[in-house]
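Participant: the sequence isn't on hand, but the structure is:
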């Protein structure tokens, strides 16, 4: 077995993943931990970190994600897009705690025409963990979906869609599902019907959602499959917006969990767009080690 | 004072309004009551109805709204669009309870190209309470916003936008507002900034919402005004969809509460569309009496 060389931490809002790796990014061991939103203070985050690291050798730790936000351990900046690996590495916040060397990676910031910023923190590390051909549209599905253009080894621009959070709130809180329940969906006919409804309409999601209810009342949608129709509307609208913004994309790289990337792949396919899929955890580890090596240079 | 001739009831999901009127629709007295969602059974609805009517003379009662739905007192059908006053009146469900004559008005149903139905129940009564010039686009803002075309005295088609429910869920449940709070908004610069952002973008609402957070982080939006920006995005997206569906509309008739119609009037104005406003309660009473008179014929 290769020698452990670095510890990578992908530390988001709702969970953390600690990864013991060799110098080439080979995974030796992994541990899960609480997300920063479940930890009340920087001190609590530090304690959770050292709990997770206790059994492992004392090695440099490279961390990405919300752990560097204003609800995290310490603030790390946002690097403006276009941003390359070297830019991320150069803006890493280095500090020592309890004798351990930490590298806290920055996020990336971009701006729309009207000056509205958009932000990512953690996704840049996953993106840089994937070897991308030029001018790739990368989609990272989740609570806050990121759609990023990667060109010349740089993240040149991106936008965030709140699809996951919106879907969950509508599933648990609205009148659309009875009983109200967590959003969960498979690629079934109801999901695909909803994607097709979005694809053939120019109406916004807010003007399509009522179809989840009216199709049940009209006997066109089995209430047991209504969560799939709801997911298809939300993900279909998200995909439609992204393809409108990036009309030249003929192929999308999906990075995430198999369940979510499967739904996005099916929705993209309904829009005539092919996709490739990479597991988000693999991408995070590869990105952490790649940026750490650039940091160390 | 003119003699009381009829009792109109506008009975929705979350509240009821009992209206004692003369034969010409003049309001003599009004009482509020609980919505059907707060009443557990048809028997509870009947009891609440007779509580509200106890002090008034025994007169025919004409009722519109969710009281005729599957969570109401008794089921009344949906009349297919195009629907005129005579169609609503002809499909009213007449019954007698405790010696009182009730007329329960039907809703209206339309269908999209893919067969998905859309439904209204109560709004048709408000629409028929307003004298509309031909080819009027009528907007009834609320939890479930209705946009209807009225032509030749008929409701020829309509669609529902879930703007109010979506806005409320995002305000109370998402990460966009801190502290999370009920959706409330005035026509302030933050609201208008958001409408302008929607107007100048083709992206869907799901891909614009994150701006509520990122503009606060970037110092472009006062957190105290963030609910206004959120409302502007949701209402702006709703208006954009409606004007896309009805591109010839140069003037919109708004029917509802002053607070909501004011927001929609401001959003429409930002899209270059003028509007007139009628109070929803006045429209409901006028519609109930007009349809009742057609029923009695």
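Facilitator: Thanks, I have the structure now. Computed from a predicted structure; not experimentally measured.
Participant: residue A:114 reaches residue B:197, doesn't it?
Facilitator: Yes - Residue A:114 is within contact range of residue B:197, at 5.9 Å (criterion: C-beta atoms under 8 Å). To be clear about C-beta, it is placed using only N, CA and C from the backbone, and glycine gets the same treatment.
Participant: buried residues in the helix or strand bottoming out on mean pLDDT in chain A, which are they?
Facilitator: Every helix and strand in chain A was compared by mean pLDDT, DSSP states H and E; the lowest is helix A:280-296, with a mean of 93. Burial within helix A:280-296, assessed by neighbour count using 16 or more other C-beta atoms under 10 Å in any protein chain shown, is assigned to A:280-281, A:283-295.
Participant: picking that back up, pick out whichever of residue A:114 and residue B:197 has more residues nearby.
Facilitator: More crowded of residue A:114 and residue B:197, by other C-beta atoms under 10 Å in any protein chain shown: residue B:197, with 21 against 13.
Participant: quick one: buried residues of the helix or strand harbouring that one?
Facilitator: Using DSSP states H and E, the element containing residue B:197 is helix B:189-199. By neighbour count on 16+ other C-beta under 10 Å, the buried set for helix B:189-199 is B:190-199.
Participant: ok, stretch A:97-105 next?
Facilitator: For stretch A:97-105, the neighbour count (16+ other C-beta under 10 Å) marks A:102-105 as buried.
Participant: show me what from the stretch 1-150 of chain A comes close to chain B.
Facilitator: Within reach of chain B by C-beta under 8 Å from any C-beta of the partner chain, the stretch 1-150 of chain A has these residues: A:112-119, A:144.
Participant: looking at the buried residues of stretch A:97-105, which are in strands?
Facilitator: With DSSP state E as the criterion, strands contain A:102-104 from among these.
Participant: tell me the one of those residues nearest chain B?
Facilitator: residue A:104 (17.7 Å; C-beta to the nearest C-beta).
Participant: residues contacting that closest one?
Facilitator: Residue A:104 makes contact with A:63, A:67-68, A:73-74, A:76, A:92-95 under the criterion C-beta atoms under 8 Å, 6 or more residues apart in numbering or on different chains.
Participant: would CSV of those with pLDDT, neighbour count and secondary structure be doable?
Facilitator: Compiled in CSV, these are given as follows (pLDDT from 0 to 100; neighbours: other C-beta atoms under 10 Å in any protein chain shown; DSSP: H, G, I helix; E, B strand; the rest coil):
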residue, pLDDT, neighbour count, secondary structure
A:63, 98, 28, strand
A:67, 97, 28, helix
A:68, 96, 24, helix
A:73, 97, 26, coil
A:74, 96, 16, coil
A:76, 97, 23, coil
A:92, 97, 22, coil
A:93, 97, 16, strand
A:94, 96, 10, strand
A:95, 97, 11, strand
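Participant: farthest-separated two in those residues?
Facilitator: Between any two of those, the greatest separation by C-beta to C-beta is 14.4 Å, found for A:67 and A:94.
Participant: okay, buried residues for stretch A:2-10 please.
Facilitator: For stretch A:2-10, burial by neighbour count (16+ other C-beta under 10 Å) applies to A:4-10.
Participant: compute the first-to-last residue distance for stretch A:53-65.
Facilitator: Stretch A:53-65 has its terminal residues 18 Å apart, counting by C-alpha to C-alpha, to the nearest Å.
Participant: quick check: which ranges of the stretch 1-150 of chain A have low pLDDT?
Facilitator: A:1 (pLDDT under 70).
Participant: identify the residue of it closest to chain B, quick one.
Facilitator: For the stretch 1-150 of chain A, C-beta to the nearest C-beta, closest residue to chain B: residue A:117, 4.1 Å.
Participant: what residues are bridge-paired with the spatially closest residue to residue A:57 that is not a sequence neighbour?
Facilitator: Using C-beta to C-beta, 6 or more residues apart in numbering or on different chains and skipping the chain neighbours, the partner closest in space to residue A:57 is residue A:4 (5.6 Å). Applying DSSP bridges to residue A:4 gives these bridge partners: residue A:22.
Participant: where do the strands of the stretch 151-297 of chain A begin and end?
Facilitator: Shown for the stretch 151-297 of chain A, the strands assigned by DSSP state E, counting those that start in this stretch span residues A:154-161, A:251-256, A:274-279.
Participant: do you know which of those strands lies nearest residue B:184?
Facilitator: Closest among those, using C-beta to C-beta: strand A:154-161, at 25.0 Å.
Participant: quick one: mean pLDDT over the closest one.
Facilitator: Averaging pLDDT along strand A:154-161 gives 96.
Participant: and the stretch 151-297 of chain A, which residues reach chain B?
Facilitator: By C-beta under 8 Å from any C-beta, the residues of the stretch 151-297 of chain A that approach chain B are A:159-163, A:165-166, A:169-170, A:173-175, A:196-197, A:200, A:202-207, A:209-211, A:214-215, A:217-218, A:220, A:234, A:237-238, A:240-242, A:244-245.
Participant: rewinding a little: looking at the buried residues of helix A:280-296, which one is closest to residue B:30?
Facilitator: residue A:280 (57.8 Å).
Participant: contacting residues for the closest one?
Facilitator: Contacts of residue A:280 by C-beta under 8 Å, 6+ apart are A:126, A:140, A:255-257.
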